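> 3D model of this:
(chains A and B)
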Amino acid sequence: MASIFGSFEIAKSGLSVAMLQLNVTEQNIANANTKGYTRQRAVTSAIEPNSSNYLIAPRHAALVGQGVEVTGVTQIRSDYLDAQFRKLNADFFANDSIEQALTYLNGVFNELDEESGLTTAIKNFYSALNTFSSDPSSHEYRTNVQQQAQALTATFNTIYDEMRSLWGDQSSSIRTDVAQINSYAEKIANLNLAIARAVQADAATNDLKDELNLLLDELSGYVNIEYKFNHNQTVDITIGGNVLVTGRVFNRLELTTPAENAAAIDALTQDIAALNGQIKSALEAGEDTAELEAQLQDKLDALGEYISVTVETDPDTNLRSVYFEGVALVSGTEAFAASEAAESKLEAWVAFNTPTLTLAGQKLEHGVDITGGQLFGHIRMATSFDNDAQGIPFYMAQLDDLARAMARDINEIHRTGWTYPFGGTESKTGINFFYAPSTFDAEGNPVYDYSAITAGNIRLSDEVLSSPNYIAASSEEVNLKAGVTESGNNEIARRLYATLSTNGYFDMLNSIVADLAIETNTVRSIKATKDTLVTSVDTQRQSLSSVSMDEETTNLIMFQQTYNACARVVTTISEMIDTLVNRMGV
Amino acid sequence: MRITSSMMGNQFLRGANRALSEVNKYNLQIASGKRLTSISDDPAGTIAVLRARTKLATLGDYQSNTSTTSSYLKEVEAAITDLDELLQDVYGEVISAISGAKTEEDLRAIAEKVRVLRDEVVAIGNASIGTSYLFGGYNFTGSIDGISKTAPFEVRNGHLFYNGIDLSLYSWFDEYENYVGLMDQKFFNADKDANSLKEIIDKFDPGVYSEGYAIQQGEQAYKILSDFILAAENALYSARQCDVDFPNEHYQNFEKLLLGWQDTDGKEYEGLKGLKERLYNELSKEPRGDYILYNDPSIKTLKDGTIDFGYYEERGIKVYTADMMDEFNNKFDPQKVKDIFNAIYEHIGTDGSEYKKAASELGSHIQTEKLGEGTADDLLDKINTEKAKRPTLSVGLNQEAAYTINGVELMGEGRQNVYHVLDKIYRILSSGDDGQKIDEKELSLAISTLQEAQSNVLTRLTEIGASQNRLTLLSNRIDSTKLNYTMMRSQAEEVDLAEASINLATAQTIYNAALAGGAQILRTSLIDYLR
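Sure, this is the predicted structure:
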């Protein structure tokens, strides 16, 4: 026969369990709107009847359990849904950041607007050329051409500058992202420590885990992470296989830009140039150069730490030339300042000013190690020249190509024409319309380098800037004193106008705009798709983990009834004891 | 699926936002009238709009060019019409000078009129539009030196200069060649009226010809010889107009054929003119008729040895006795004609080689010395280069339209140069004064050249008319293309206001419904229903 007092225990356990369950329900209701809160449930299990483990075990046929106990308060959360969410979140934010940058770029290239825009500037310039060709002797028409050409170059420059400033924004966004990631890493490491301690002490970790999951969610928006939970509920995070957080230890994402180390790079290139000179004179004097060569190699290796360079050895003189993205930093015994040299080529400039990321000593490569999150988007916009993954440098390069083509084609025709004599100056030929840097070849003929022209530095030549009379319209020398003056000769002006149709500048510009429009649209629709997916997964998560008022209220009622019922049991047993004590055998 | 209030709240927010963004989109469309506000709204539409815009830009340029060209051509047409009317006037004057008896004063008055009209031609050639000379080719401004400005057409020392090029020089050279050709024609080629001089001279045989026939042939030869000499004189006159420096051996070689010379061995040659005089004299002599000389062995004598006058009198044959020989020698002698013909051949060669040599040498001299053939100053080259200069404007892809003609095309070149023709007529009409040897007969030749010049001018007029037609066609086509592209553009870019308004109303309804629905649901929960 069971002890009557033992029955109290069962009721008592019921009471305390119901109380706990009520507390859990209260907790849920109170935290219904807390971000990242996962609903909790008290897990109860029936206490077993006396088992054979006990020393003294009654041998009964009908054994009854000893009440109820709470084995734990669990969170109802799905790790699988969490992992899905974080992956999709990384994709979503990557596309989101790309879309934002592209939308801004849309505004820069807003060719639909008739007032501004490159199309209008080109159109006005060519209309001015057309009117000019109807009367090359008119000073007004000439001046108009000069003005419209200046407006055209100014438009090119403005668009280029805006793109550069947008590039600057993206570059600084990369820094911000890295700072954020590092801060999250630190927080997660601290949480890991707290969780490990709590697990050791068998304390509750639900709230800590909620915080941890929230941080993971947010971190996934910045960069693609792989993570796994350890047996002690701490999390290890890696990016591209490199460890970000492990236990309570975290590594920082490091960020360097070659531009920051310009001084050191310049010092090294100057040393290399000086060594080149020393090796050259040593060879001429017939001395041994092994030690100098070793020094040179050291310097080259040190340089390689900052930037990746290619080295070419001249077979005749054994002098090293050092190239960075096709731009010469050391040529023979001459060294060039890196930041200035980088300005001359877009690829070099981008590479020189873009940050490289390292984690735990390993370099993180965009597209390989970093594949999602805002960081991915910002890096792509800042560095990509690819047609498949268009970034700002891609559009800058396209615009440069257009400016270069115009400058070159117009210059080549213009140089064959003759200018108009004025104020004592005679008609000249061989004048450029747009400025082009030149060197001289072996015979002293000028050789023009159009690869140095960008949309940012395109401008009119000094001659044309000083006077519109230097605009050449005539195919023969204009001599106003001769019988055959050629003052109305408009053949060159007509050929210049024809470049618009034959060389398809409008087509080039339209294709840039079309590329941008299509890319923006594509990214936008990908983002919308990812958004839908993220939302759907998040909804599923919420469906699983968030607090439903109706449910909690129902539970509230249930637990209250249970509590009432258990209290009732206590009263019943109390009456029974009373009967036993006071009324039995009397 | 388990639904929680936070889920419902999020979904409500998302739905409301979506509905509101639709409202916003249509609102923006109506406010701006454009379907595309940013290039990424509809990439295909954007591309269509941009293409249409750029195409419209070039079409606008082409159209302004067609209208500029058209207005220039109107001016050109007016100027050429003036020129044509002027030439008509000259024609009228010249006809009146030829037909009807005119006194020297009348002729002088007509000459003066022609001179005025001749100078007017230069003024027409210098017509300008705004500040640019219309017919200057590429010389819009005229030649400017310091403060003096020279128009494209200028007369210096009686020669017409165009952009510094001496057109008259070439014209006179052309005349020279033409007259030499005329000489060839008279000498070698038979025309419909008569045989050629060479033929007549070759065939002339006094032994075979009857007197009547000999006289007839002689007269023909005289006529052709006169024409030949006239042509030679005109050729020499033209050569003189080419500014040949005197004395000049080529010129003298040619001239001496006409005027005669003394050979190195002292022999005198008469010159063709002298020979012509002699021929004239010979032909004006009375024909001999049937005759017989007293010392003719076959003369009929009477039995007394005297001439049987009666016999010959019956037959109408004149007998020339010894004392009548003077009279006889004053009668026409075909042999003398033959002698003259032989002398002609001596002068100019039996195949005309002498005169041809002299003529071609003089011609080459003029060409190399005056026309600068083969040098950098080659006159003909310069004229051709100027003739090719036609300022044009683009009126379409690879399509050019000339908006004026150059001065060489307007005035004509060579003999048909309008100024040259009028100048010649003027000289002919005033030739009575200064004793130049150009005959009045030349006037009718000049008339045919005048008509040639006129037809040139009319051809130019026709060309201009055809150009105008083409421009009108082009302009219409450009207009319709512009319309097409504008339609294309507006279809892609502009919003159909009715459609957008309906869309806006629908979007608003949806938004309101979403708000209303959400407001209802979000409020209730189980707690409301517990007592």
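> drop to CA atoms for contacts and neighbour counts, all remaining ones
Fine.
> so, low pLDDT: which residues of chain A?
A:1-2, A:50-62 (pLDDT under 70).
> residue closest to the middle of it?
With distances taken as Cα atoms, centre = their mean, A:H378 lies nearest the centre of chain A, 1.8 Å away.
> on the three-state scheme, that residue is what?
Using DSSP: H, G, I helix; E, B strand; the rest coil as the criterion, the local structure at A:H378 reads helix.
> tell me the contacts of it?
Contact partners of A:H378, counting by Cα atoms under 8 Å, 6 or more residues apart in numbering or on different chains, are A:A94, A:S97, A:I98, A:Q170, A:S171, A:S173, A:I174.
> got those residues as TSV, with secondary structure columns?
Conversion of these to TSV gives the following (three-state DSSP):
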residue	secondary structure
A:A94	helix
A:S97	helix
A:I98	helix
A:Q170	helix
A:S171	helix
A:S173	helix
A:I174	helix
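> now, the most widely separated pair of the residues you listed?
With distance counted by Cα to Cα, no two of the contacts of A:H378 lie farther apart than A:A94 and A:S171, which are 15.1 Å apart.
> more crowded one of these two?
Set A:A94 next to A:S171 and count neighbours by other Cα atoms under 10 Å in any protein chain shown: A:A94 wins out with 27 against 19.
> ok, now how distant is the more buried one from B:A232?
99 Å (Cα to Cα, to the nearest Å).
> check A:S467 too.
The span separating A:S467 from B:A232 equals 60 Å under the rule Cα to Cα.
> which of those two has more neighbours?
Comparing A:S467 with B:A232 by other Cα under 10 Å, the one with more neighbours is B:A232, at 24 against 13.
> how close does that one get to B:P334?
Taking Cα to Cα as the measure, B:A232 and B:P334 are separated by 26 Å.
> which strand or helix spans the nearest residue to A:T246 once chain neighbours are set aside?
Across the structure, with Cα to Cα, 6 or more residues apart in numbering or on different chains as the measure, the residue nearest A:T246 apart from its sequence neighbours is A:D236 (4.5 Å). Following DSSP states H and E, the helix or strand that holds A:D236 is strand A:235-239.
> my guess is A:P49 contacts A:G6. True?
No. Taking contacts as Cα atoms under 8 Å, A:P49 lies outside contact range of A:G6: 11.6 Å.
> quick one: neighbours of the closest residue in space to B:I527 that isn't next to it in sequence, just the number.
If you skip the residues right next to it in sequence, B:I527 has A:T553 as its closest partner in space, 6.9 Å away by Cα to Cα, 6+ apart. Applying the criterion other Cα under 10 Å, we find 18 residues in the vicinity of A:T553.
> am I right that A:T553 is in contact with B:L526?
Yes. Using Cα under 8 Å, A:T553 is in contact with B:L526, at 6.9 Å.
> hmm, back to that, what is the subsequent helix or strand relative to the strand holding A:D236?
Following strand A:235-239 in sequence order, the next helix or strand is strand A:242-246 (DSSP H and E).
> by how many degrees do that following strand and strand A:235-239 diverge?
Angle, strand A:242-246 to strand A:235-239, by axes from the mean of the first three to the mean of the last three Cα atoms, to 10 degrees: 160 degrees.
> what's strand A:242-246 packed up against?
In terms of contacts (3 or more Cα pairs under 8 Å, 6 or more residues apart in numbering or on different chains; DSSP states H and E), strand A:242-246 is packed against helix A:139-200, strand A:235-239, strand A:356-359.
> give the closest residue to the spatially most central residue of chain B in space, chain neighbours not counted.
For chain B, B:G412 is the residue whose C-alpha lies nearest the centre (Cα atoms, centre = their mean; 3.3 Å). Leaving aside its chain neighbours, B:G412 sits nearest to B:V418 (6.4 Å; criterion: Cα to Cα, 6+ apart).
> how about residues contacting the host helix or strand of B:L362?
Taking DSSP H and E as the criterion, the element that holds B:L362 is helix B:353-365. Contacts of helix B:353-365 from elsewhere in the structure, counted by Cα under 8 Å, 6+ apart, are B:F173, B:Y176, B:E177, B:V180, B:H250, B:Y251, B:N253, B:F254, B:L257, B:H347, B:I348, B:G349.
> of these, which is the most crowded?
The contacts of helix B:353-365, ranked by neighbours (other Cα under 10 Å): first place B:Y176, 29 neighbours.
> now do the buried residues in the helix or strand encompassing that residue.
Using DSSP H and E, B:Y176 maps to helix B:167-188. In terms of neighbour count (16 or more other Cα atoms under 10 Å in any protein chain shown), helix B:167-188 has its buried residues at B:167-184, B:186-188.
> ok, now stretch B:338-346?
For stretch B:338-346, a neighbour-count test (16+ other Cα under 10 Å) marks B:K338, B:I340, B:F341, B:A343, B:I344, B:Y345 as buried.
> ok, and the closest non-adjacent residue to the last one?
For B:Y345, ignoring the flanking residues on the chain, the nearest one in space by Cα to Cα, 6+ apart is B:G352 at 7.6 Å.
> quick one: whichever strand or helix holds A:T535 near chain B?
Assignment of secondary structure by DSSP H and E places A:T535 within helix A:505-545. Yes. With Cα under 8 Å from any Cα of the partner chain as the criterion, chain B is reached by helix A:505-545 at A:506-507, A:510, A:513-514, A:516-518, A:520-521, A:539, A:542-544.
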